Structure formats: C-alpha cells, structure tokens
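> 3D model of this:
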Amino acid sequence: AALLAAGLPVGPAMVTMYSIGGLAVPAERLGTAMTLLAGGVVLGSALGAALAGGAGQAFGHDGAFLVAAGAAAAMLLVSLAGPRSVRRRP
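Model (predicted):
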C-alpha cells in the first residue's frame with residue numbers, strides 16, 4: 001500500500017513534465033527536447049538510486065528516505081519556479 005501511494009504521483013508528474021517541455025520549445029526542436037527529457041529521467045533515476053544506496057549503506061533506511069525526501073523537495077521547488085520560466089508560443 002505504501003509503494004502504491006508513493007508511485008501514484010509519478011504518472012501525472014511525467015505527463016506534466018513532458019507537456020511543459022512541449023510548450024517550451026519550437027515544434028522543429030520537439031524531438032530533441034523529448035529525447036533530453038527522457039534521458040534526464042533515466043539519469044535522475046540512476047543518480048537517485050546511487051545516492052539513496054550510498055545513504056542507506058552509511059545511515060540505514062533513514063538516510064535513504066532523506067534522499068527521497070530531498071528529491072521530492074527539489075521537485076516541488078522546480079515545479080513552483082517552472083511556470084515563470086515557460087514562454088507560450090504565439
């Protein structure tokens with residue numbers, strides 16, 4: 001149940017990220033932007049897993065949880081700043 005609750009926001013977050021990416025770039029660069037976003041998801045997942053694994057090894061499950069909480073806080077800050085940085089195309 002806890003994993004289900006933790007995973008529920010992932011889909012809407014991904015849709016939102018790709019939607020904002022689609023609005024932020026011209027149509028002729030959309031393929032490049034989507035490729036960069038997809039690569040960022042993979043890179044972010046790998047980096048998060050490495051950091052959480054290291055923190056879990058050093059500090060136990062509390063350390064690994066703090067990595068996830070820190071990532072969630074960073075995502076919240078980016079999402080709050082995001083609307084100001086996206087320009088709509090005419």
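> by contact count, what packs against whichever helix in the chain runs longest?
Determined from DSSP state H, the single longest helix within the chain is helix 30-59. Under the contact criterion of 3 or more Cβ pairs under 8 Å, 6 or more residues apart in numbering; DSSP states H and E, helix 30-59 touches helix 10-24, helix 61-85. Backbone N, C-alpha and C define where each C-beta goes, glycine included.
> so how far is the first one from its chain's centroid?
In other words, helix 10-24. Between the centre of helix 10-24 and the centre of its chain there are 10 Å (Cα atoms, centre = their mean, to the nearest Å).
> still on that earlier bit, show me the one of the helices and strands packed on helix 30-59 that comes nearest residue 30.
Relative to residue 30, the nearest member of the helices and strands packed on helix 30-59 by Cβ to Cβ is helix 10-24, separated by 6.4 Å.
> Go through that closest one and flag the buried ones.
By neighbour count on 16 or more other Cβ atoms under 10 Å, the buried set for helix 10-24 is 17, 20, 21, 24.
> helices or strands next to that helix in the packing?
helix 30-59, helix 61-85.
> residues in contact with the last one?
Contacting residues not belonging to helix 61-85 are listed as 13, 16, 20, 24, 48, 51, 52, 53, 55, 56, 59 [Cβ atoms under 8 Å, 6 or more residues apart in numbering].
> before we move on, the earlier item: mind checking which of the helices and strands packed on helix 10-24 is nearest residue 2?
Here helix 61-85 is closest among the helices and strands packed on helix 10-24 (Cβ to Cβ), at 11.5 Å.
> average pLDDT across the closest one?
For helix 61-85, mean pLDDT is 86.
> Give me the buried positions along that helix.
Judged by neighbour count (16+ other Cβ under 10 Å), helix 61-85 contains these buried residues: 63, 64, 67.
> List just the nearest of these to residue 5.
residue 64 (17.3 Å).
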